[in-house]
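Asker: give me the fold of what follows.
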Amino acid sequence: MFKAPNLFALAVCLAAGSPHVNAEQAGTHMYEAAKADPALAAEFQRITKPVATDSPWVLSFGTTSPSTTESIDGKAYDVFWGCKPHDCVSESYAVMYDRSAKRITAGAFVRNVYDGPSLTESRITWLGQTEFDFARTLGKYLY
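Answerer: Prediction:
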């Protein structure tokens, strides 16, 4: 698989323009939130189990951005995003956490394949039982 020569610079540029890095809604990073909320940590381990064998970096949350809040049917959810350290463009995840129920209600894991600088394939693995409204909401966090 192709690795761009300056992935750090690319990751910074992507993060700066991405919807999950919003200074007005900046929250906590996944590793901080999981440390403070054992239920979140357990839920993350549960929901990422199907992808952790092939992508073990996910077990330590990877490189993360501050959480944001999304609303579906008037209910607020914390959205956490992370990516493979030193290779954000190849693998990433996004999950939605219901703080009141202490449950990750939706999640997605993205694996990208490149031919040189061109993206040739992306595979989204939906985690848990992600319903359509949640998938649509998470969509903007996947790239």
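
Asker: longest strand in this structure, please.
Answerer: Ranked by residue count and defined by DSSP state E, the top strand of the chain is strand 103-115.

Asker: spit out the contact partners of the nearest residue to Tyr143 once chain neighbours are set aside.
Answerer: For Tyr143, ignoring the flanking residues on the chain, the nearest one in space by Cβ to Cβ, 6 or more residues apart in numbering is Val110 at 7.2 Å. In this view, the C-beta of every residue, glycine as well, is placed from N, C-alpha and C. Contacts for Val110 (Cβ atoms under 8 Å, 6 or more residues apart in numbering) come out as Glu91, Ser92, Tyr93, Ser122, Arg123, Ile124, Thr125, Leu142, Tyr143.

Asker: would you mind writing the CA trace of stretch 98-111 as CSV?
Answerer: Provided in CSV are the C-alpha atoms of stretch 98-111 (Å, rounded to 0.1, in the frame of the first residue of the first chain):
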residue,chain,number,x,y,z
ASP,A,98,-25.2,8.0,24.4
ARG,A,99,-24.0,9.3,27.7
SER,A,100,-27.3,8.8,29.5
ALA,A,101,-27.6,5.2,28.5
LYS,A,102,-23.8,4.6,28.7
ARG,A,103,-23.9,2.9,25.3
ILE,A,104,-22.2,3.4,21.9
THR,A,105,-25.2,3.4,19.6
ALA,A,106,-23.4,3.5,16.3
GLY,A,107,-20.0,3.2,14.8
ALA,A,108,-18.1,2.9,11.5
PHE,A,109,-14.6,1.8,10.6
VAL,A,110,-13.1,2.9,7.3
ARG,A,111,-10.2,1.3,5.5
